[in-house]
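In: Pasted the sequence and its predicted model underneath.
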Amino acid sequence: MARKSQAVIIFSLLQTLLWAESLEHGPAHVESWAKRLDEGKESITNLQFYFHDTLSGNKPSAVRVAQAPDTDKSPTVFGRLMMADDPLTVGPEPTSKLVGQAQGIYGSAGQAEVGLLMAMNFHFVDGELSDSSISILGRNPVLNPVRELPVVGGTGIFRLARGYALIQTHQMNFATGDAIVAYNVTVIH
């Protein structure tokens, strides 16, 4: 019984310490952010980067996690679901400066034409955007020359973000499925 009481006391102390620690980054930070919005100062940010989706090789950045029983018989690979952690770079070369990671899922959702449903978080790791992200959720008809996807939210600098991404395939290897896609994103935040 004494051991149980000691465990409860230790657990309570740990919770109190964690709560006290969270106050450092809590209300004051939120109040300054909320005040900024109350003043009506929205920003528009334009981002341009390249998305590297690699399915081949020893270290792919996207892997198949599920598929329907008839996916391999479908000309559009309908029902295939992929999980991705794709690098985002300044230029189209894989060795170009890394500015972030695109992390999420995409799946083949079209039976008549190749179309992906994308649910991706674009987490930035460079400069003033470091530790901020945007969320993109929408249909990507990958064979169209230019596609538009909605920005539906964000974190950090991009809290309450909205906007759109115009994307264009820069390079596609149909044998491996590897692709490099140019993103031009307009974000209101």
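Out: Noted; the coordinates are in hand. Residues are numbered from 1 along each chain as shown.
In: And the closest residue to G127 other than its chain neighbours, how far from S135?
Out: Among residues not flanking G127 along the chain, V99 sits closest, at 8.0 Å (C-beta to C-beta, 6 or more residues apart in numbering). (Each C-beta comes from the backbone N, C-alpha and C, glycine too.) From V99 over to S135 the distance is 17 Å, taken as C-beta to C-beta, to the nearest Å.
In: Between those two, which has more neighbouring residues?
Out: More neighbours surround V99 than the other of V99 and S135, with 21 against 18 (other C-beta atoms under 10 Å).
In: wait, the more buried one sits on H123?
Out: No. Using C-beta atoms under 8 Å as the test, V99 is too far from H123 to be in contact (10.0 Å).
In: Let me see the mean pLDDT of stretch 130-138.
Out: Average pLDDT, stretch 130-138: 97.
In: For A109, list the residues it contacts.
Out: A109 makes contact with 78, 115-117, 139, according to C-beta atoms under 8 Å, 6 or more residues apart in numbering.
In: go again using 6 Å as the cut-off
Out: 115, 117 (C-beta atoms under 6 Å, 6 or more residues apart in numbering).
In: ok, now V142?
Out: By C-beta under 6 Å, 6+ apart, the residues touching V142 are 114, 116.
In: again with the one 4 residues further on
Out: V146 sits next to 166, 168 when contact means C-beta under 6 Å, 6+ apart.
In: So it versus N140, what's the distance?
Out: For V146, the distance to N140 - C-beta to C-beta - is 11 Å.
In: what do you get for V187?
Out: Distance from V187 to N140, by C-beta to C-beta: 18 Å.
In: can you check T89 too?
Out: Distance, T89 to N140, using C-beta to C-beta: 19 Å.
In: do the same with G154
Out: Distance, G154 to N140, by C-beta to C-beta: 19 Å.
In: now do V185
Out: For V185, the distance to N140 - C-beta to C-beta - is 14 Å.
In: do L166 as well
Out: The gap separating L166 from N140 is 12 Å, by C-beta to C-beta.
In: Would you mind telling me which of these two has the busier surroundings?
Out: N140 (22 against 14).
In: How about that one, nearest residue that isn't a chain neighbour?
Out: L116 (4.3 Å).
In: what bridges to that neighbour?
Out: Beta-bridge partners of L116, counted by DSSP bridges, are S108, N140.
In: which element is the spatially most central residue of the chain on?
Out: Taking C-alpha atoms, centre = their mean, the centroid of the chain lies closest to N121, which sits 1.2 Å from it. Applying DSSP states H and E as the criterion places N121 in strand 116-124.
In: who's in contact with that strand?
Out: In this structure, residues lying in contact with strand 116-124 by C-beta under 6 Å, 6+ apart are 100-107, 109, 132-137, 140, 142.
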